[in-house]
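Asker: Whatever this is, show me its structure:
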Amino acid sequence: MRRSVSVACVLVLVLIAWGAYANQELIQLQTDDKQWVMPGKDYSATRFSTLNQITRDNVKNLRPAWTFSTGTLRGHEGAPLVIGDTMYVHTSFPNNVYALDLKGPDVGQIKWKYLPKQDPSVQAVACCDNVNRGLSYADGKVFLNQLDGTLVALDAKTGKEAWKAENADPKVGATMTGAPHVMKDKVIVGVSGGEFGVRGHVTAYDIKTGQRVWRAYSMGPDEEILLADDFNKANPHFGQKNQGVATWQGDQWTTGGGTTWGWYAFDPALNLMYYGTGNPSTWNPSQRPGDNKWSMTIFARNPDNGEARWAYQMTPHDAWDYDGVNENILADIQVNGRQRKVLVHPDRNGFVYTLDRETGEVITADKFVFTNWADRIDLRTGRPVENPAYRTREGVVTHGICPSSTGGKDEPPGAFSPATGWFYFANTNDCMDYEGLEANYIAGTPYVGASVKMYAGPGGKRGGVNAWDAARGKAVWHIDENFPVWSGVLVTAGGVVFYGTMDGWFKAVDARDGRELWKFKVGSGIVGNPISYTGPDGKQYIAVYSGIGGWMGAVAFPDVSTDDPYTALGVAGAIPDIKKASTMGGMLYVFSL
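Answerer: Prediction:
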């Protein structure tokens, strides 16, 4: 077993030395595994806990300790936060927030609640369910992205609003489903709405005042993308100046998509933040010739001013809806006998990328599910070597494309264990038939332009979980599941990997070989991300949300009906009917020995 691996931002002394470069409070809190203070556990988004009371030997004794009903329906993505003796829980629309007491005889008692008043019509422009991916914390505040495009800072002790900022306009189809991320003295937020022709951007707000500090777009003129003077200096073949306009036809970049609703990571030593951009608009590639930069791209930016140091486009001229927003996990690993600072990104397009996180160099890029749209990634150029038989176009039905538009995996984040040196993440095994259709842009209405039929991929098992060796670009082990796995993954020092399934099983498997150790049936499917923390009683706990709906329910349960927005987008007809799944209420489950 490989152990010559270190998680970026783990050692307390090193982190404290970096205090001048990052938020000192979070630098210290992320190393305290009694708490869970960020969406990805730490700045490196490892989702690894050093807690080890729960082990591969005793996890079979795990039992529910307490539960909490969120009071809302639809999909419950993301994870709660644990700060001191308080757990902060969020919900799907209308994005309620609850502060729950973890001490005393009434564990789970509500300390305060925040119930935002949002126009319910915003739900009609939310693709692909009315979800929220979680909260962030800093400076005594809890930060919430509301679906209606409002960023809210709440006093962590009282729940009262400290400030609000309008970040997105639902009237043009722009919403907010991603989690905010705090880096240094700023809270960084993205935007959703690629299926409505929204032009993607990331924006930084001052954590104390809520004032906008900078905004960087995904495409358009260089000065609006905020390119650094030395942008892509190490890899000029990735593209440098004027690509955000020149790789689009006419002014198509103004409605170009590339939205930013996924997960962000941060390396304080390099002072770089990392995130991915989504699909270009429309889904019909015949209407937007060119590479369509910088959609489908991993960006590395300076959080102080938003300047892009480098960017790498994974899927040029996307023709399959392979959003590039998935997690970027940071770690220091041995590659070919050399210690490398890497970023590992399992993409929807079916490839896992290992990049040098300082320069963007592609170190490895290998398939993790059955993938036929491209044969391989050319490591010299960074571009996919496509199979032309599977490129889609207007007016032609292209059959048997793998993976489907739901991707080899979707946004639920994976994890990294320094004990094994492996990365753990879920996958989907679906293929599709795809036809591009003419689409006309009208602000605030669907701008999709595709008809898609999806079905199980080779073998018939529609999902799974993987342990991945990023240095070699190979799977170590794989577990098949009947349905797509859209939960996040947690790995612990006890040698246990936790994840949930769409049919409502919360599972623990051995981190060494994937052997199932324990499972528990919850009341709905799981698309949330499990966490671990230590309660005031000194016991280790595992917590996870359950609750599915919308597009997630369509993928899992193709035999029930829906009013999900994807019907209007012309895609849900491929996987029809999810009314049953959409009415499953959200629950928080907390387990202990």
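
Asker: looking at the protein, which residue lies furthest from center?
Answerer: Distance from the C-alpha centroid of the chain peaks at P105, with 35.5 Å (C-alpha atoms, centre = their mean).

Asker: Wasn't Q28 part of a strand?
Answerer: No: counting by DSSP: H, G, I helix; E, B strand; the rest coil, Q28 is not found in a strand; it is helix.

Asker: That one - how many residues pack around it?
Answerer: Residue crowding around Q28 was assessed by other C-beta atoms under 10 Å; the count is 14. The C-beta positions use only the backbone N, C-alpha and C, and glycine is treated the same way.

Asker: Which pLDDT value goes with it?
Answerer: For Q28, the model assigns a pLDDT of 91.

Asker: how near is it to N52?
Answerer: 21 Å (C-beta to C-beta, to the nearest Å).

Asker: Please apply the same query to K474.
Answerer: From K474 over to N52 (counting by C-beta to C-beta), the distance is 28 Å.

Asker: neighbour count winner among those two?
Answerer: Neighbours were counted for K474 and for N52 using other C-beta under 10 Å; N52 has more, 15 against 12.

Asker: Isn't that one up against V496?
Answerer: No: with contact defined as C-beta atoms under 8 Å, N52 does not count as touching V496 (9.2 Å).

Asker: And the pLDDT at the residue farthest from the centre of the chain?
Answerer: Looking at P105, its pLDDT reads 87.

Asker: Mean confidence (pLDDT) on stretch 441-450, please.
Answerer: Averaging pLDDT residue by residue across stretch 441-450 gives 95.

Asker: which residues does A470 contact?
Answerer: With contacts defined as C-beta atoms under 8 Å, 6 or more residues apart in numbering, the neighbours of A470 are A331, I333, V342, V344, V352, T354, T364, W422, F423.

Asker: can you give me phi and psi for A162?
Answerer: For A162, the backbone dihedrals are phi -90, psi -40 (criterion: degrees, to the nearest 10).

Asker: What of P285?
Answerer: Geometry field for P285 lists phi and psi as phi -70, psi -20, criterion degrees, to the nearest 10.

Asker: Would you mind measuring from the closest residue to K157 other than its chain neighbours to K160?
Answerer: Spatially, and ignoring its direct neighbours in sequence, K157 is nearest to G140 (7.2 Å; C-beta to C-beta, 6 or more residues apart in numbering). Note on G140: its distance to K160, by C-beta to C-beta, is 12 Å.

Asker: These two: which is more packed in?
Answerer: For G140 versus K160, neighbours defined as other C-beta under 10 Å are more numerous around G140 (14 against 9).

Asker: Now for that one: which residues touch it?
Answerer: D155, A156, K157.

Asker: Including distance to T282, secondary structure and pLDDT, could those go into TSV?
Answerer: Converted to TSV, the contacts of G140 look like this (distance: C-beta to C-beta, whole Å; DSSP: H, G, I helix; E, B strand; the rest coil; pLDDT from 0 to 100):
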residue	distance to T282	secondary structure	pLDDT
D155	42	strand	98
A156	42	coil	98
K157	46	coil	98
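
Asker: Ranking by neighbours, what's the top pick from those?
Answerer: A156 (22 neighbours).

Asker: Just confirm it contacts V142, I think it does.
Answerer: Yes: here A156 reaches V142: they are 5.1 Å apart, a contact under C-beta under 8 Å.

Asker: any residues in contact with both of the two?
Answerer: Both A156 and V142 are contacted by Y88, A99, under the criterion C-beta under 8 Å, 6+ apart.

Asker: quick one on the thing from earlier: now the contacts of A470 in CSV, with pLDDT, distance to S405 and secondary structure?
Answerer: Putting these into CSV (pLDDT from 0 to 100; distance: C-beta to C-beta, whole Å; DSSP: H, G, I helix; E, B strand; the rest coil) gives the following:
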residue, pLDDT, distance to S405, secondary structure
A331, 98, 29, strand
I333, 96, 31, strand
V342, 98, 28, strand
V344, 98, 23, strand
V352, 98, 19, strand
T354, 97, 25, strand
T364, 96, 25, strand
W422, 98, 28, strand
F423, 98, 24, strand
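
Asker: Now flag whichever of these is closest to R376.
Answerer: R376 has its nearest neighbour among the contacts of A470 in T364, at 11.1 Å by C-beta to C-beta.

Asker: My understanding was that that closest one contacts K474; is that so?
Answerer: No: the criterion here is C-beta under 8 Å, and T364 misses it with K474 at 9.1 Å.

Asker: still on that earlier bit, write the ChimeraX selection for whichever of the contacts of A470 are buried.
Answerer: Once 16 or more other C-beta atoms under 10 Å is used to decide burial, the buried members of these can be selected in ChimeraX as follows:
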select :331,333,342,344,352,354,364,422,423
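
Asker: want to throw the contacts of A470 into a markdown table with distance to E77?
Answerer: Compiled in a markdown table, the contacts of A470 are given as follows (distance: C-beta to C-beta, whole Å):
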| residue | distance to E77 |
| --- | --- |
| A331 | 24 |
| I333 | 28 |
| V342 | 26 |
| V344 | 21 |
| V352 | 22 |
| T354 | 26 |
| T364 | 29 |
| W422 | 24 |
| F423 | 20 |
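
Asker: And the helices in the stretch 151-300 of the chain, which stretches?
Answerer: 222-225, 243-246 (DSSP state H, counting those that start in this stretch).

Asker: right, and those - which one's nearest G256?
Answerer: Evaluated over the helices of the stretch 151-300 of the chain, closeness to G256 peaks at helix 243-246, with 8.5 Å, by C-beta to C-beta.

Asker: got the contact list for the closest one?
Answerer: With contacts defined as C-beta under 8 Å, 6+ apart, helix 243-246 is touched by 217-222, 224-225, 253, 290-291, 293-294.

Asker: Stretch 145-153 now?
Answerer: 93-95, 114, 116, 118-119, 122-123, 126, 130, 132, 141-144, 161-170, 174-180, 187, 189, 191, 205, 207, 210.
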